[in-house]
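> Below are the sequence and a predicted model; questions follow.
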Amino acid sequence: MKKLLGILILIGAMTMAQAQTGNVENSRKVATKGFAEREVTPDIIYLSINLKEFYIDGNTKKKVSIETLEKQLYDAAIANGVKKEDFTIQNVYSYNYNTKKKGNELLQARQYRLKISNLNNLDLMLDKVDPFGIESTSISGYDHSQKKEIEKELKTEAVKDARRNAEILAEADQQGVGKALVINDNSSMNFNDLIPQPRMMAYAKTADSSVMESSGNGLNIDIRPIKLTCYIDVVFELK
């Protein structure tokens with residue numbers, strides 16, 4: 001009896017599903033696309049900094065360790081407002097240093113990831129780290145603190161745009177637009193997929209001064225707005 005009852009329930013469910021599908025397929029409808037876009041300036045920046053051990057004036061007895069350089073960077077970052085949890089090690093590696101007496105020697109290097117809100121004091125922060133120990137810095141990614149809210153607003157605008165487009169088509173045939181039957185979200189709003197090409201900065205040291213190799217005086221990096229786009233496909237009922 002229970003088995004028979006289960007079969008009847010299953011048949012009933014399948015019949016209802018087929019009926020609903022048939023109603024959608026057989027109803028008078030109009031399919032349109034909705035679009036929305038917005039320029040947003042990221043307020044979260046992920047900075048990648050590579051530090052490496054080195055010998056002072058090439059003297060293999062006077063090595064500046066990676067731990068020393070890391071402490072310099074950490075202290076400078078915390079003083080610049082970076083939170084402890086936003087200072088992380090991204091990679092650890094080593095490189096060959098050629099010495100005349102011992103041949104090649106392995107020195108340690110590390111890559112750090114800092115989450116910051118702006119680049120205003122970046123040059124001042126890096127000035128606290130021995131320039132010989134900074135291999136390179138670059139922007140590795142962007143994000144926005146209100147990303148979810150922005151996505152919600154764009155999708156809402158895109159659906160409204162789809163309805164306006166449907167109303168134009170329906171009005172041309174002297175018909176009206178009813179409820180949405182199908183809504184497909186085809187948008188992709190990943191900040192890291194849309195970031196501009198990051199600018200690479202490197203530190204070098206001359207005999208009498210430190211030189212920052214970038215676009216001129218200091219780390220002058222412009223965070224340009226990112227254009228987010230949203231596409232929605234909607235099928236509306238005609239009435």
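Looks like it arrived, so ask away. Residues are numbered from 1 along each chain as shown.
> CA atoms for contacts and neighbours, from now on please.
OK.
> any low-confidence regions in this protein?
Across the chain, the ranges flagged by pLDDT under 70 are 1-27, 98-103, 191-222.
> all helices of it, in order?
2-26, 66-79, 122-126, 147-172 (DSSP state H).
> Once you drop chain neighbours, what's closest to E237?
Nearest-residue entry for E237: K29, 4.4 Å, with adjacent residues in sequence omitted and distances by C-alpha to C-alpha, 6 or more residues apart in numbering.
> next one: D233
K33 (4.6 Å).
> show me the contacts for the one you found.
D161, A162, N165, Y231, I232, D233, V234 (C-alpha atoms under 8 Å, 6 or more residues apart in numbering).
> Which two of those residues have the greatest separation?
By the measure C-alpha to C-alpha, N165 and Y231 form the most distant pair in these, at 13.2 Å.
> which residues do these two both contact?
Common neighbours of N165 and Y231 (C-alpha under 8 Å, 6+ apart) are K33, G34.
> These two: which is more packed in?
Y231 (22 against 16; other C-alpha atoms under 10 Å).
> any idea how far I44 is from that one?
25 Å (C-alpha to C-alpha, to the nearest Å).
> next one: F132
Distance from F132 to I44, by C-alpha to C-alpha: 28 Å.
> Of those two, which one has the most company?
The neighbour count for F132 versus I44, taken as other C-alpha under 10 Å, is higher for F132 (19 against 15).
> mind giving me the domain ranges of the protein?
Domain segmentation of the chain under automatic domain parsing yields 24-41+146-205+221-239, 44-143.
> how about the strands of this structure, start to end?
29-40, 44-52, 54-55, 63-64, 87-99, 103-116, 134-143, 177-185, 200-205, 210-213, 226-238 (DSSP state E).
> Next, format these as TSV and append distance to E151.
Listed next are these as TSV, based on distance: least, C-alpha to C-alpha, whole Å:
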stretch	distance to E151
strand 29-40	10
strand 44-52	16
strand 54-55	46
strand 63-64	47
strand 87-99	28
strand 103-116	22
strand 134-143	13
strand 177-185	11
strand 200-205	30
strand 210-213	38
strand 226-238	8
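> can you pull up the bridge partners for N91?
Beta bridges link N91 to Q111 when assigned by DSSP bridges.
> picking up where we left off before, closest to I49 among the contacts of K33?
Using C-alpha to C-alpha, these come closest to I49 at Y231, 36.4 Å.
> what comes into contact with stretch 113-122?
43-49, 80, 82, 86-90, 219, 221.
> Could you pull out the buried residues of it?
For stretch 113-122, the buried set under the neighbour-count rule, 16 or more other C-alpha atoms under 10 Å, comprises R113, L114, K115, I116, S117, L122.
> can you pull up the bridge partners for D185?
In this entry, D185 is beta-bridged to I232, by DSSP bridges.
> Count the neighbours of it for me.
Residues lying near D185 (other C-alpha under 10 Å) number 14.
> One more: I168?
14.
> And it, how far from K128?
Using C-alpha to C-alpha, I168 is found at 62 Å from K128.
> Likewise for K84?
Relative to K128, and taking C-alpha to C-alpha, K84 is found at 17 Å.
> Counting neighbours, go ahead and name the busier of those two.
Using other C-alpha under 10 Å as the criterion, K84 and K128 rank with K128 on top: 15 against 12.
> surely the more buried one meets K71?
No - between K128 and K71 there is no contact under C-alpha atoms under 8 Å: 10.2 Å.
> Show me what the residue nearest to T137 when sequence neighbours are not counted bridges to in the sheet.
In space, and not counting its chain neighbours, T137 is closest to I49: 4.4 Å by C-alpha to C-alpha, 6+ apart. Under the criterion DSSP bridges, I49 forms beta bridges with Y112, T137.
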